[in-house]
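Q: missing the sequence, but the structure's below:
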C-alpha cells in the first residue's frame, strides 16, 4: 500500500532522510524514541477494511516483529487484513 499524499510524506521523510541521511535503516538498532515516532507516523495512515458487512477506515500498526526490514522508503505494517508494507517514494 503506497503512501502518496504530500503532507503524509513529511513525517516519514523527515525520519528516514534526516535521521538516516538517506543511507537506509536496514538492521538499525531502533531507540525507544525512534520506535515511538515511527509508530505514530504509521498510525496516521488509514486502511479501509471490511468485516463482510461494514467498511471502515482503520489505522495501520507498525509491525515491530519485522522492524529490522524497515528501510528508507518502506516499513512493515499490520493491517486488519494481515501483514503488509507501507511504501512511499524514495528521493534517490
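A: Done, it's in. The shown structure was predicted, so the numbers you read here are calculated from the model rather than taken from an experiment. Numbers count the residues shown, from 1 in each chain.
Q: All the helices of this protein, residue numbers only.
A: Shown for the chain, the helices assigned by DSSP state H span residues 6-13, 32-43.
Q: Residue 75 is nearest to which of those?
A: Closest of those to residue 75 is helix 32-43, at 6.4 Å (criterion: CB to CB). C-betas here are computed from N, CA, C, even on glycine.
Q: helices and strands around the closest one, which ones?
A: Packed against helix 32-43 by the contact rule (3 or more CB pairs under 8 Å, 6 or more residues apart in numbering; DSSP states H and E) you find helix 6-13, strand 61-62, strand 74-79.
Q: which other residues reach that helix?
A: Helix 32-43 is contacted by residues 11-12, 15, 19, 30, 59-62, 64, 67, 70, 75, 77, 86 when judged by CB atoms under 8 Å, 6 or more residues apart in numbering.
Q: Turn the buried ones among the residues you listed into a named ChimeraX selection, would you?
A: With 16 or more other CB atoms under 10 Å as the criterion, this ChimeraX line picks the buried residues out of those:
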select :11,12,15,60,62,67,70,75,77,86
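Q: right, and the pair among the contacts of helix 32-43 with maximum separation?
A: Using CB to CB, the pair of the contacts of helix 32-43 lying farthest apart is 19 and 59, separated by 22.7 Å.
Q: Least confident of the helices of the chain, on average?
A: For the helices of the chain, mean pLDDT drops lowest on helix 6-13, to a mean of 70.
Q: that older thread, any idea which of the contacts of helix 32-43 the model trusts least?
A: residue 19 (73).
Q: so who does that residue touch?
A: If you count contacts by CB under 8 Å, 6+ apart, residue 19 has them with residue 34.
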